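**Student:** prediction below, plus the sequence it came from.
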Amino acid sequence: MNMCRWRHQHTIRREIKVKIRHFKQKILMLLLFLFISLQILWAYAFASTQTSFFEAPPIITLKALKEKLDQNAGVVIVDVRGDFSFERERIKGAISIPLAEMEARYKELPKGKTIVFY
């Protein structure tokens with residue numbers, strides 16, 4: 001009889017340990033879900049206030065560019081092709097900053113003016 005009681009208590013202890021383990025796993029899953037949800041919400045909130053890197057820049061037509069140049073509207077034209085192409089053919093008044101050098105030379109661009117890249 002004593003042995004039967006011991007087995008019953010042992011079984012109950014084992015069941016309690018299993019239930020505690022399952023409870024801990026559920027809590028961890030809930031915390032993980034909350035953490036991921038907060039990361040997604042934070043990323044969404046941050047992204048909605050920033051301009052996307054992949055957003056297409058505005059495009060100007062040739063006619064509109066000519067009008068701005070005729071009006072002396074403070075337009076700077078930047079040729080992003082290589083030096084060879086720039087020397088062969090370019091828009092009058094354009095400056096050359098090859099695309100490969102843009103990161104190093106972007107500070108040369110004037111502030112407060114409309115900049116047109118081609």
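**Tutor:** Good, I have the coordinates. Here the structure is a predicted model, which means the values were calculated and not measured.
**Student:** not counting its own residues, what contacts stretch 111-118?
**Tutor:** Under the criterion Cβ atoms under 8 Å, 6 or more residues apart in numbering, residues 57, 60, 65, 68, 73-81, 91, 94, 109 lie in contact with stretch 111-118. Backbone N, C-alpha and C define where each C-beta goes, glycine included.
**Student:** where do the helices sit along this protein?
**Tutor:** 2-49, 62-70, 83-88, 102-105 (DSSP state H).
**Student:** what's the last one in contact with?
**Tutor:** Taking Cβ under 8 Å, 6+ apart as the criterion, the residues outside helix 102-105 that touch it are 80, 97.
**Student:** what is the mean pLDDT for that helix?
**Tutor:** The pLDDT scores in helix 102-105 average 89.
**Student:** and for stretch 85-94?
**Tutor:** Stretch 85-94 comes out at a mean pLDDT of 89.
**Student:** mind checking which of the contacts of stretch 111-118 are buried?
**Tutor:** Burial by neighbour count, judged by 16 or more other Cβ atoms under 10 Å, picks out 65, 68, 75, 77-80, 94 from these.
**Student:** test my guess that Ala94 contacts Asp79.
**Tutor:** Yes - contact status for Ala94 versus Asp79: in contact at 4.7 Å, counting by Cβ atoms under 8 Å.
**Student:** what touches both of those two?
**Tutor:** 86, 118.
**Student:** before we move on, back to that, check the buried ones among the contacts of stretch 111-118 and tell me the two furthest apart.
**Tutor:** Lys68 and Val80 (18.8 Å; Cβ to Cβ).
**Student:** ok now the lowest-mean-pLDDT helix or strand in the chain, how far from the chain's centre?
**Tutor:** Ranked by mean pLDDT, DSSP states H and E, the helix or strand of the chain with the weakest confidence is helix 2-49, at a mean of 85. Remark: helix 2-49 is offset 33 Å from the chain centroid, using Cα atoms, centre = their mean, to the nearest Å.
**Student:** how about the helices of the chain in JSON lines, adding distance to Phe117?
**Tutor:** Formatted as JSON lines, the helices of the chain follow (distance: least, Cβ to Cβ, whole Å):
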{"stretch": "helix 2-49", "distance to Phe117": "25"}
{"stretch": "helix 62-70", "distance to Phe117": "11"}
{"stretch": "helix 83-88", "distance to Phe117": "13"}
{"stretch": "helix 102-105", "distance to Phe117": "9"}
